[in-house]
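Asker: I'll drop the sequence and a predicted model, then ask my questions.
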Amino acid sequence: MATAKKPSAKKTVQPGEATAILRADRKLVSDLFEEFEGARSSAKKSKIVAQICRELTVHAEIEEEIFYPAVKAPLKDKELVPEATVEHATLKDLIAQVEGVEPDGEMYDAKVKVMGEYVKHHVKEEQNEMFPKVKATKLDMFALGEKMLARKQELMAARI
């Protein structure tokens with residue numbers, strides 16, 4: 001007699017879930033930072049940085065407008081979400097320093113490198129601390145993901 005499999009206590013990430021959408025955004029941006037490291041021409045650097053800035057700006061906006069407000073109460077959080085919001089403010093300042101600016105040597109490259117390191121730190125904290133706690137809540141991650149994707153599409157269309 002076959003026994004029914006017990007459902008796994010660990011929830012797996014599936015496409016369309018809010019955290020899966022955020023992880024995909026982060027993977028894209030991480031790849032762009034790597035591409036920047038190998039770029040030699042100013043034109044190539046400028047193009048990559050424009051895409052990084054666009055992706056990060058939209059990503060931060062959907063987190064701040066939709067994701068953070070949705071998860072703050074269920075997490076009973078007074079630390080993770082406020083800290084992530086402050087990190088976003090610093091990231092926006094770094095974006096402002098390079099967005100629309102022609103690559104002009106060491107300082108430009110340094111700002112982009114620091115932005116990449118900052119993003120890496122932010123991603124690590126959210127994915128290791130916030131996301132596991134969010135996944136443990138009763139939040140409908142697919143409904144949240146749908147809202148985030150719809151808003152992301154609007155924001156991306158507006159930034160073309």
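Answerer: Okay, I see it. What you see is a predicted model; the values in this text were computed from it and never measured. Numbers count the residues shown, from 1 in each chain.
Asker: any stretches of this structure with poor pLDDT?
Answerer: 1-15, 160 (pLDDT under 70).
Asker: change it to 80
Answerer: 1-15, 105, 160 (pLDDT under 80).
Asker: quick one: the strands in this protein?
Answerer: Using DSSP state E, no strands are assigned anywhere in the chain.
Asker: now the helices: where do they sit in the chain?
Answerer: 18-38, 42-62, 68-75, 80-98, 106-125, 131-135, 141-158 (DSSP state H).
Asker: packing partners of the first one?
Answerer: Using 3 or more CB pairs under 8 Å, 6 or more residues apart in numbering; DSSP states H and E as the contact criterion, the elements in contact with helix 18-38 are helix 42-62, helix 106-125, helix 131-135, helix 141-158. Glycine gets a C-beta too; all of them are placed from N, C-alpha and C.
Asker: same check, this time on the third one
Answerer: Under the contact criterion of 3+ CB pairs under 8 Å, 6+ apart, helix 68-75 touches helix 80-98, helix 131-135.
Asker: got these as CSV, with mean neighbour count and distance to A73 columns?
Answerer: Below are these laid out as CSV (neighbours: other CB atoms under 10 Å; distance: least, CB to CB, whole Å):
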stretch, mean neighbour count, distance to A73
helix 80-98, 16, 10
helix 131-135, 17, 12
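Asker: got the helices and strands packed on helix 18-38 as TSV, with distance to F33 columns?
Answerer: Shown next, in TSV, are these (distance: least, CB to CB, whole Å):
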stretch	distance to F33
helix 42-62	7
helix 106-125	4
helix 131-135	21
helix 141-158	19
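Asker: out of those helices, deepest packed?
Answerer: Most buried of the helices and strands packed on helix 18-38, by mean neighbour count (mean count of other CB atoms under 10 Å): helix 42-62, with a mean of 18.
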